[in-house]
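K.L.:
Okay, predicted coordinates and the sequence, questions at the end:
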Amino acid sequence: MKRKQVQARLVKSVGWEAEVLEVEYQNGALYHYFDVPEGVYIKSLLENISIKKSGASDNPILLRK
């Protein structure tokens with residue numbers, strides 16, 4: 001799976017394919033989150049990483065169902 005580099009304190013890169021979210025943390029840990037709809041992946045990126053530049057926290061991606 002291709003991951004995209006992100007600018008966040010805890011997360012180094014993220015990828016999504018076939019409802020599997022792959023998160024690589026800055027410490028090198030690689031996690032897979034299953035049954036993640038594409039909309040949740042996109043919303044998580046927008047809320048937790050991209051907006052970081054305008055003052056959002058550096059929390060890792062939050063997954064909600």
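P.N.:
Here it is on my side, so go on.

K.L.:
List the buried residues for the worst-scoring helix or strand of the chain on mean pLDDT?
P.N.:
Within the chain, no helix or strand scores below helix 38-48, which has a mean of 80 by mean pLDDT, DSSP states H and E. For helix 38-48, a neighbour-count test (16 or more other C-beta atoms under 10 Å) marks Val40, Tyr41, Ser44, Leu45, Asn48 as buried. In this view, the C-beta of every residue, glycine as well, is placed from N, C-alpha and C.

K.L.:
packing partners for that helix?
P.N.:
strand 11-17 (3 or more C-beta pairs under 8 Å, 6 or more residues apart in numbering; DSSP states H and E).

K.L.:
could you check the angle helix 38-48 makes with the strand it packs on?
P.N.:
Counting by axes from the mean of the first three to the mean of the last three C-alpha atoms, to 10 degrees, strand 11-17 lies at 160 degrees to helix 38-48.

K.L.:
now for strand 11-17, which elements pack on it?
P.N.:
For strand 11-17, the packing partners by 3+ C-beta pairs under 8 Å, 6+ apart are strand 4-5, strand 20-25, helix 38-48.

K.L.:
of all these, which lies closest to Val11?
P.N.:
Taking C-beta to C-beta, strand 20-25 is the member of the helices and strands packed on strand 11-17 nearest to Val11, at 6.0 Å.

K.L.:
ok so, going back, could you export the buried residues of helix 38-48 to TSV, including columns for distance to Lys12?
P.N.:
Below are the buried residues of helix 38-48 laid out as TSV (distance: C-beta to C-beta, whole Å):
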residue	distance to Lys12
Val40	20
Tyr41	16
Ser44	15
Leu45	14
Asn48	14
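
K.L.:
Can you list the low-confidence ranges for the protein?
P.N.:
48-65 (pLDDT under 70).

K.L.:
Find the residue closest to Asp35 in space, skipping its chain neighbours.
P.N.:
Glu19 (5.6 Å; C-beta to C-beta, 6 or more residues apart in numbering).

K.L.:
Provide the backbone phi and psi angles at that neighbour.
P.N.:
phi 60, psi 20 (degrees, to the nearest 10).

K.L.:
give the contact list for it.
P.N.:
When contacts are counted by C-beta atoms under 8 Å, 6 or more residues apart in numbering, Glu19 is found next to Phe34, Asp35, Val36, Pro37, Glu38.
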